[in-house]
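1. curious how this folds, go ahead:
(one chain, ligands or ions: 1)
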Amino acid sequence: SNKYNIPGPAVLPLVGNGIDFLVRRSQFLPLLAKFQKNFGDAVRVYLFHSPYVLLYHPKYIEPLMIDNDLITKGKSYTFLLDWLGLGLLTSTGYKWRSHRKFLTPAFHFNILQNFLPVFIKNEKVLIRKLRTSYCNDKSFDLFPIIALTALDNITESIMGVCINAQENSNSKYVQSIEDLSQIVTLRMRNPFVAEEAIFKLTPYKKIQDKALEVLHGQTNKVIEIRKEELRSANIDKLSSDVDIGMKNKHAFLDLLLLAEVDGKKLDEEQIREEVNTFMFEGHDTTASGMVFSLFCMSKHPDVQEKILQEQKEILGDDLAREPTYNDLKKMKYLGLVIKEALRLYPAVPLIQRLITKDCELAGLRVKKNTSVIVDIFHMQRHPDVFDNPLEFRPERFDTSPTATANNVFSWLSFSAGPRNCIGQKFAIMEMKVTLAAIVKNFKLLPVDTDPGLCSDLVLRAENGVNIKLAPRHI
Ligand code: HEM
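-> Predicted coordinates:
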């Protein structure tokens, strides 16, 4: 019997609907679309004996996102634990609450302003790379290139350590992130490989171990470099809370290394968990966001012209001038372009919560221990939520939106409620700096291949996100 008043496909003994989920990575989003088409905006499925509910409409999603008790992440996040441990993304309860409170000041806009020179420096390296190696008749995949820019941005800003990944073009780190993301999401879909005993027998286990060695090696290196800098400067504690909040004498990493939570410094493991979490969550997301924004722009030359026009209005005669924080705030149209690109191509396409108490979501009965998948990707393409949802039209966010689109829960690219993205302002700032520079320097030309979208933790593309570049002269 269905103790849920939620429709879904017929459930087989033992495997549940697990067989349906055995699809190629680029077929997972289409599978979720098929469930929505067949059963509506809320669908119940079972992966083996574990119940999942898929939500596609803001009316069901809103009550979930605003509930201060429903802050525990879904079952699928367990596959991230070997990599990220229980950092801010994956933890719950008191640990999450106290770390969130403790880390929030590090994302105050006073601090973010100090990152502007970092973003500009790395944008310049990117422009030089693009001009010398990619500005020709050949199409190329943006993702690995932009991922290195984003990696340098996060490492140098919040970690306070310079690794020059763009110039050393050591893409072992980026490759490892991609390998791990694919393995982790495979385990989220495939209930067989999900089992630790089976996973260990597959070749994926070896690939995962190798990738973890690279990623953890990198985070350990970053922590060691910063520790050494603090040691040689004789700094062993923060002189006051305002060091972080207002004056930014210290990077985010120093907060982890020096500050106290409940009268105690964080232990080594807690520090590593947060560094791994922020290194990943702080660069792969913005990389995806920038790459798909550029992809959308490549198909819309008029949008590029409008961005350029806005740049001219803001920067005046000298289009090559470095933008100030104030200039960034004035880039309203570019902001709309990013918002619209993230609507169609949300960098985090799916999120999940574990329901920790029997509850009702706008009439849906959801039992304790159900994992609820919020399908941000399809919700943001829902024809009841956005007019002509597949059309790329940045202006849609400018004029008064339709009644349903007005709901803040109809645009969830950064999630909402207590577990929303802590890095939203950081991300928008980084994306504005980088995207404006690219549009000023190049014409983006479309390439006619289907990217083959994959929800591999962040939105990626099986066939790459390809464009061509032609020079502009500014
Ligand atoms: C375009 C860029 C970004 C997008 C679309 C994005 C999106 C999201 C989303 C949807 C969540 C909720 C995840 C969940 O419920 O499991 C989230 C959480 C989070 N994001 Fe972002 N993010 C972006 C950039 C960043 C950046 C730049 C940072 C760090 C500097 C960051 C750090 C985090 C962290 C730590 C969390 C967990 C917060 C918590 O649970 O308290 N993100 N992000």
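2. what's the closest non-adjacent residue to Cys359?
-> Spatial nearest neighbour of Cys359, chain neighbours left out: Val366 (5.6 Å); criterion: C-beta to C-beta, 6 or more residues apart in numbering. Every C-beta, even on glycine, is put in place using the N, C-alpha and C of the backbone.
3. touching, that neighbour and Lys357? I think so.
-> No - the pair Val366 and Lys357 fails to qualify as a contact (C-beta atoms under 8 Å) at a distance of 9.5 Å.
4. neighbour count winner among these two?
-> Neighbour tally, Val366 and Lys357, criterion other C-beta atoms under 10 Å: the higher count belongs to Val366, 26 against 11.
5. so what's the backbone phi/psi at the more buried one?
-> Val366 adopts backbone torsions of phi -120, psi 120, taken as degrees, to the nearest 10.
6. what residues are up against Met297?
-> 303-304, 307, 337, 435, 439, 444 (C-beta atoms under 8 Å, 6 or more residues apart in numbering).
7. of those, which belong to strands?
-> Leu444 (DSSP state E).
8. can you tell me which of the contacts of Met297 has the most neighbours?
-> In those, the most neighbours by other C-beta under 10 Å go to Val337, 28 neighbours.
9. that residue and Arg396 touch, don't they?
-> No - here Val337 lies out of contact with Arg396, judged by C-beta under 8 Å, at a distance of 11.3 Å.
10. where do the strands sit along the stretch 51-200 of the chain?
-> Using DSSP state E, counting those that start in this stretch, the strands of the stretch 51-200 of the chain run over 140-141.
11. helices of that one, residue ranges please.
-> Taking DSSP state H, counting those that start in this stretch, the helices of the stretch 51-200 of the chain run over residues 58-66, 81-84, 93-103, 109-112, 116-129, 143-157, 165-168, 172-189, 191-194, 196-199.
12. which SS class is Ile45?
-> Let me fix one detail, which is that residue 45 is Val and not Ile. Assigned by DSSP: H, G, I helix; E, B strand; the rest coil, the conformation of Val45 is strand.
13. and the residue nearest to it when sequence neighbours are not counted, its phi and psi?
-> Distance criterion C-beta to C-beta, 6+ apart; nearest residue to Val45, sequence neighbours excluded, is Asn17 at 4.3 Å. Taking degrees, to the nearest 10, you get phi -100, psi 20 for the backbone angles of Asn17.
14. what does Asp41 give?
-> Note on Asp41: backbone dihedrals following degrees, to the nearest 10 are phi -90, psi 0.
15. next: Ser50.
-> Per degrees, to the nearest 10, the backbone of Ser50 is at phi -90, psi 120.
16. again, but for Tyr56
-> Main-chain dihedrals, Tyr56, degrees, to the nearest 10: phi -120, psi 0.
17. correct me if wrong: it contacts Lys37.
-> No - Tyr56 is not in contact with Lys37 according to C-beta under 8 Å; the separation is 10.0 Å.
18. more neighbours: which of these two?
-> Each of Tyr56 and Lys37 has its neighbours counted (other C-beta under 10 Å); Tyr56 has more, 27 against 9.
19. how near is the more buried one to the ligand?
-> Using C-beta to the nearest ligand atom, to the nearest Å, we find Tyr56 at a distance of 16 Å from the ligand.
20. quick one: contacts for the residue of the stretch 301-450 of the chain found nearest the ligand?
-> Nearest residue of the stretch 301-450 of the chain to the ligand, counting by C-beta to the nearest ligand atom: Gly423, 2.2 Å away. Neighbour list for Gly423: 107, 278, 281-282, 285 [criterion: C-beta under 8 Å, 6+ apart].
21. beyond the helix or strand of the chain with the lowest mean pLDDT, next helix or strand please.
-> Lowest mean confidence among the helices and strands of the chain (mean pLDDT, DSSP states H and E): helix 242, at a mean of 46. Using DSSP states H and E, the next helix or strand after helix 242 towards the C-terminus is helix 252-258.
22. what does that following helix contact?
-> So helix 252-258 is contacted by 102-103, 105-106, 158-161, 222-223, 226-227, 230, 235-238, 244, 250, 265-266, 270-271, 274-275, 278 (C-beta under 8 Å, 6+ apart).
23. what strands line up against the very next helix or strand once past it, and which way round?
-> Under the assignment DSSP H and E, the closest C-terminal helix or strand after helix 252-258 is strand 260-261. When sheet partners are counted by DSSP bridges, strand 260-261 sits next to strand 264-265 (antiparallel).
24. what's in contact with the partner strand?
-> Strand 264-265 is contacted from outside by 257-259, using C-beta under 8 Å, 6+ apart.
25. can you pull the buried residues of the following helix or strand past it?
-> Reading on from strand 264-265 to the C-terminus, the next helix or strand found by DSSP H and E is helix 268-281. Neighbour-count burial for helix 268-281 flags 270-281 (criterion: 16 or more other C-beta atoms under 10 Å).
26. near the ligand, which of the residues you listed show up?
-> Among the buried residues of helix 268-281, proximity to the ligand is found for 277-278, 281 (C-beta under 6 Å from any ligand atom).
27. now tabulate the contacts of Gly423 in JSON lines and tack on distance to Pro30 and pLDDT.
-> Below are these laid out as JSON lines (distance: C-beta to C-beta, whole Å; pLDDT from 0 to 100):
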{"residue": "Phe107", "distance to Pro30": "36", "pLDDT": "88"}
{"residue": "Phe278", "distance to Pro30": "32", "pLDDT": "94"}
{"residue": "Glu281", "distance to Pro30": "26", "pLDDT": "93"}
{"residue": "Gly282", "distance to Pro30": "29", "pLDDT": "93"}
{"residue": "Thr285", "distance to Pro30": "23", "pLDDT": "96"}
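28. check contacts around the closest residue in space to Ile225 that isn't next to it in sequence.
-> Excluding the flanking residues, the one nearest Ile225 by C-beta to C-beta, 6+ apart is Val161, at 5.0 Å. Applying C-beta under 8 Å, 6+ apart to Val161 gives the contacts 155, 222, 225-226, 253.
29. so which of these is the most crowded?
-> Highest neighbour count within the contacts of Val161: Thr155, with 27 neighbours (other C-beta under 10 Å).
30. excluding its backbone neighbours, what's nearest that one?
-> Using C-beta to C-beta, 6+ apart, the closest residue to Thr155 is Ile163 (5.2 Å).
31. quick check: that neighbour vs the ligand, distance?
-> According to C-beta to the nearest ligand atom, Ile163 and the ligand sit 16 Å apart.
32. ok, that residue touching Asn153?
-> No - taking contacts as C-beta under 8 Å, Ile163 lies outside contact range of Asn153: 11.0 Å.
33. tell me which of the two has more neighbours.
-> Under the criterion of other C-beta under 10 Å, the comparison of Ile163 against Asn153 puts Asn153 first, with 28 against 19.
34. tell me the residues of the stretch 301-450 of the chain that contact the ligand?
-> When proximity is defined by C-beta under 6 Å from any ligand atom, the stretch 301-450 of the chain lies next to the ligand at 347-348, 351, 413-415, 419, 421-423, 426-427.
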